[in-house]
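Student: using only what follows, build the 3D model:
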Amino acid sequence: MRKIQLDIVAISQSVTQSHNYAVVLGEKGGVRRLPIVIGSFEAQAIAVAMQNMTPSRPLTHDLFKNALETFNIELKEIIINNLLDGIFYAKLVCIKDGEILEVDSRTSDALALSVRFKCPIYTYEFILDAAGVALEQDMEDYPDIFEQEEAEGEEEPNEDTALSSYSLSELHKLLADVLADEDYERAAEIRDEINRRKSEQ
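Tutor: Prediction:
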């Protein structure tokens with residue numbers, strides 16, 4: 001399968017869950033974004049490395065990096081290689097004495113290591129198709145979103161409304177709104193609901 005390179009473009013705090021964050025990966029040379037919900041510890045580990053901060057004592061991911069380097073193991077790349085039931089899976093692709101080794105990893109840990117090793121991040125097309133969101137939706141793709149007028153007296157859905165009560169066109173409109181607000185965790189929830197509806201058709 002052809003690999004698609006991603007870059008970390010943002011880390012945003014969850015609006016609904018104070019201890020969770022969303023790391024947003026952007027398609028290199030493209031408009032799609034892949035938001036992944038992670039814990040606060042992992043978000044801190046990624047942010048510290050991205051900002052080139054040096055903690056007084058090594059964090060867990062710094063320790064792991066030091067251990068790999070001590071044993072002359074190079075982290076070549078990470079690949080987000082699967083998505084099952086809303087959970088992302090990743091692997092570390094390492095090189096030891098010319099031999100390629102693959103190690104299963106939580107995606108958040110893999111991202112924290114990729115920043116430290118300055119190695120590329122990849123995924124596959126089927127994952128972006130299933131979980132990616134486009135920042136610039138083509139209006140022709142969803143004409144009903146932009147042309148449909150609200151029925152007189154009908155209340156516009158708000159973010160507190162359960163997603164299951166939205167129509168598909170309302171979900172697409174809401175997705176565009178939350179992306180504009182850079183609320184990537186909410187965008188991931190809406191994307192998952194849209195995909196669930198499509199799978200039932």
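
Student: how about low-confidence regions in the chain?
Tutor: Counting by pLDDT under 70, the ranges of the chain that qualify are 14-19, 136-161, 179-182, 184, 201.

Student: hmm, try it at 80
Tutor: Flagging of the chain using pLDDT under 80 yields the residue ranges 13-20, 53-56, 135-162, 168-169, 172-173, 175-188, 198-201.

Student: domain parsing for it?
Tutor: Following automatic domain parsing, one finds the domains of the chain at 3-131, 139-200.

Student: need the winner for burial among those domains.
Tutor: Sort the domains of the chain by mean neighbour count, taking mean count of other CB atoms under 10 Å, and domain 3-131 sits at the top with a mean of 17. For the C-beta atoms, the positions are set from N, CA and C on the backbone; glycine is no exception.

Student: what's the end-to-end length of that one?
Tutor: Length of domain 3-131, first residue to last, CA to CA, to the nearest Å: 16 Å.

Student: pretty sure Glu102 sits against Lys96.
Tutor: No - with contacts defined as CB atoms under 8 Å, Glu102 does not count as touching Lys96, sitting 11.4 Å away.

Student: let's see the helix or strand encompassing Arg196 as CSV, backbone CA atoms only.
Tutor: When elements are defined using DSSP states H and E, Arg196 is found to belong to helix 184-200. Extracted as CSV, the C-alpha positions of helix 184-200 are listed here (Å, rounded to 0.1, in the frame of the first residue of the first chain):
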residue,chain,number,x,y,z
TYR,A,184,-10.7,18.9,16.3
GLU,A,185,-11.9,16.5,19.0
ARG,A,186,-15.5,17.5,18.3
ALA,A,187,-14.8,17.2,14.5
ALA,A,188,-13.6,13.6,15.2
GLU,A,189,-16.9,12.8,16.9
ILE,A,190,-18.9,14.2,14.1
ARG,A,191,-16.8,12.4,11.5
ASP,A,192,-17.4,9.1,13.3
GLU,A,193,-21.1,9.7,13.3
ILE,A,194,-21.2,10.5,9.6
ASN,A,195,-19.2,7.4,8.8
ARG,A,196,-21.5,5.3,11.0
ARG,A,197,-24.5,6.7,9.0
LYS,A,198,-22.8,5.9,5.7
SER,A,199,-22.0,2.3,6.8
GLU,A,200,-25.7,1.7,7.6
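
Student: which strands and helices lie in contact with that helix?
Tutor: Packing partners of helix 184-200 (3 or more CB pairs under 8 Å, 6 or more residues apart in numbering; DSSP states H and E): strand 3-13, strand 20-27, strand 32-39, helix 125-131, strand 133-134, helix 168-180.

Student: Thr123 and Tyr21, how far apart?
Tutor: From Thr123 across to Tyr21, the span is 19 Å (CB to CB, to the nearest Å).

Student: shared neighbours of Glu102 and Lys96, which are they?
Tutor: Shared between the contact lists of Glu102 and Lys96 (criterion: CB atoms under 8 Å, 6 or more residues apart in numbering) there are no residues.
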